[in-house]
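**Q** Starting from these lines, generate the structure:
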Amino acid sequence: MSPRPIEVPIEGLTDGVVRLRLGADSDVERITALVQDPQVTRWTTIPPGQTAAGTREWMQRGMAGLASGSDLALVIAAAERDEPIGTIGLHEISRAAGRATAGYVLAREWRGKGLGRRALGLICGFAFDELRLARVEVTVEADNAASRATAESVGFKEEGTLRSYMRIAGERRDMLMYGLLPEDLRARE
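**A** Next up is the predicted model:
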């Protein structure tokens, strides 16, 4: 059985404060600027100095992932103005295993306002309700207190350390594994 495409509503996913939607050409400049922030490249696999072409490629990979059912890459927008303020995605989606990995970044000026929590809650709700996954995972460096707090605020539970798990900025790094089950998310709603 081949994977089913992922269908995201045309209006995106929203709670009235944030909106998760597919990227558009008009987002490229803003998304490129936010992923060049040293605090983004410090904690993620996004390469330092990403160009507009790299952002467009990310959007194209996201569209291909939707079609194949393996990846969901969305823009986080402030719902009122539809202004792009970050990105979020589900990666390594395995419907057979019932799991996916979430990743997220926010522009500096939007951090600390609870918008990451809202966006992560929305995408996890979509993973459980629409994709019928049993588990969503997030990997975070131990020193990344902000990302850990975001995951924990949604209901993610720290499960252990993955040694030399990910290559970031050219070096292997240990990561903390966090897991979220549907009942963990529902307990926070």
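
**Q** Go through the lengthiest helix in the chain and flag the buried ones.
**A** The residue-count maximum for a helix in the chain (DSSP state H) belongs to helix 52-68. The neighbour-count check on helix 52-68 (16 or more other Cβ atoms under 10 Å) flags Gly54, Thr55, Arg56, Trp58, Met59, Gly62, Gly65, Leu66 as buried. All C-beta atoms are positioned from the backbone trio N, CA, C, and that covers glycine.

**Q** Please apply the same query to stretch 141-154.
**A** For stretch 141-154, by 16+ other Cβ under 10 Å, it's Glu141, Asn144, Ser147, Arg148, Thr150, Ala151, Glu152, Val154.

**Q** of all those residues, which comes closest to Arg188?
**A** Taking Cβ to Cβ as the measure, Arg188 lies nearest Val154 of the buried residues of stretch 141-154, at 6.1 Å.

**Q** For the closest one, report the pLDDT, please.
**A** Reading off the confidence values, Val154 has pLDDT 97.

**Q** ranges for the strands of the protein?
**A** Taking DSSP state E, the strands of the chain run over residues 13-14, 18-21, 72-78, 83-94, 99-106, 135-140, 157-168, 171-180.

**Q** would you list those in TSV and tack on mean neighbour count?
**A** As requested, those are exported to TSV (neighbours: other Cβ atoms under 10 Å):
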stretch	mean neighbour count
strand 13-14	17
strand 18-21	25
strand 72-78	23
strand 83-94	21
strand 99-106	21
strand 135-140	22
strand 157-168	12
strand 171-180	17
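
**Q** mind giving me JSON lines with those and columns for mean pLDDT and distance to Asp129?
**A** Shown next, in JSON lines, are the strands of the chain (pLDDT from 0 to 100; distance: least, Cβ to Cβ, whole Å):
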{"stretch": "strand 13-14", "mean pLDDT": "94", "distance to Asp129": "10"}
{"stretch": "strand 18-21", "mean pLDDT": "96", "distance to Asp129": "14"}
{"stretch": "strand 72-78", "mean pLDDT": "94", "distance to Asp129": "14"}
{"stretch": "strand 83-94", "mean pLDDT": "94", "distance to Asp129": "13"}
{"stretch": "strand 99-106", "mean pLDDT": "95", "distance to Asp129": "13"}
{"stretch": "strand 135-140", "mean pLDDT": "97", "distance to Asp129": "12"}
{"stretch": "strand 157-168", "mean pLDDT": "95", "distance to Asp129": "20"}
{"stretch": "strand 171-180", "mean pLDDT": "95", "distance to Asp129": "13"}
